[in-house]
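S.K.: sequence plus predicted model, see below.
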Amino acid sequence: MSVDLSLLTSVAEKIGLLFAGGLVGRFFERRARVVVFYGHVGQFRLQPQQQGSVSQQPGLVHTHSVVIRNAGRVAAHNVHVPHRGMLNAANIHISIEPHLAHTVQALPNWTEEILFPALPARFQVTVSYLYFPPILFSQINAPIYSDEGLARVIDVLPQEQWPRWLSVMLGGLVLIGIIVVAYALFELVRLVRQT
């Protein structure tokens with residue numbers, strides 16, 4: 001059984017162009033991409049303060065933060081940050097940095113959400129929470145979404161940031177490597193076809 005190599009290379013070329021077109025389209029596509037990551041989760045023990053003859057008990061305070069970033073090239077609209085309950089009723093305090101136009105609204109199912117009408121492109125906002133036991137951070141936030149869809153939750157690991165010139169140089173070397181490998185495969189197929 002003989003294999004028609006011209007047909008095989010033609011099919012491989014079409015598949016390669018399909019993937020390359022998808023990657024180029026995704027890279028240059030102008031759309032909003034909302035990503036979320038959870039920052040520090042902390043517990044602080046407050047020392048009692050002596051006020052005259054009355055001594056207060058030491059208390060615990062819990063904190064966490066949610067960083068919401070629009071990594072896309074256009075603004076994200078109606079970014080909803082829902083909660084699993086009413087913030088004020090549970091004695092949960094929030095702080096939003098940098099300040100961005102928002103509203104805190106009650107929902108019909110006895111929950112609340114923070115609504116950002118617009119999250120500009122390449123912009124991030126941090127919502128910090130302060131609350132008291134027995135509430136845990138996992139009991140506060142619900143999945144975040146916008147008009148463009150559900151926000152993607154990412155895990156963040158601290159890492160060293162390389163200079164831009166080095167990243168560009170390494171990207172160029174990777175591109176040259178891909179071109180060399182593709183050319184070598186093309187030459188191998190051509191060599192096999194000649195024999």
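M.R.: Right, received. Where do you want to start?

S.K.: by mean pLDDT, which helix or strand of the chain comes out lowest?
M.R.: Taking mean pLDDT, DSSP states H and E as the measure, the helix or strand of the chain with the lowest value is strand 54-55, at a mean of 55.

S.K.: any idea how many residues pack against the closest residue to residue 29 other than its chain neighbours?
M.R.: Closest residue to residue 29 apart from its sequence neighbours, by Cβ to Cβ, 6 or more residues apart in numbering: residue 73 at 7.6 Å. Any C-beta I mention is one placed from the backbone N, CA and C, and that applies to glycine too. For residue 73, the count of nearby residues is 13 (other Cβ atoms under 10 Å).

S.K.: tell me what residue 42 is bridged to.
M.R.: Applying DSSP bridges to residue 42 gives these bridge partners: residue 63.

S.K.: next up, the contacts around it.
M.R.: 62-64 (Cβ atoms under 8 Å, 6 or more residues apart in numbering).

S.K.: now the buried members of these.
M.R.: Buried subset of the contacts of residue 42 (neighbour count, 16 or more other Cβ atoms under 10 Å): 62-64.

S.K.: packing partners for the lengthiest helix in the chain?
M.R.: Longest helix in the chain by number of residues (criterion: DSSP state H): helix 164-194. Helix 164-194 sits against helix 5-28, with contacts defined as 3 or more Cβ pairs under 8 Å, 6 or more residues apart in numbering; DSSP states H and E.
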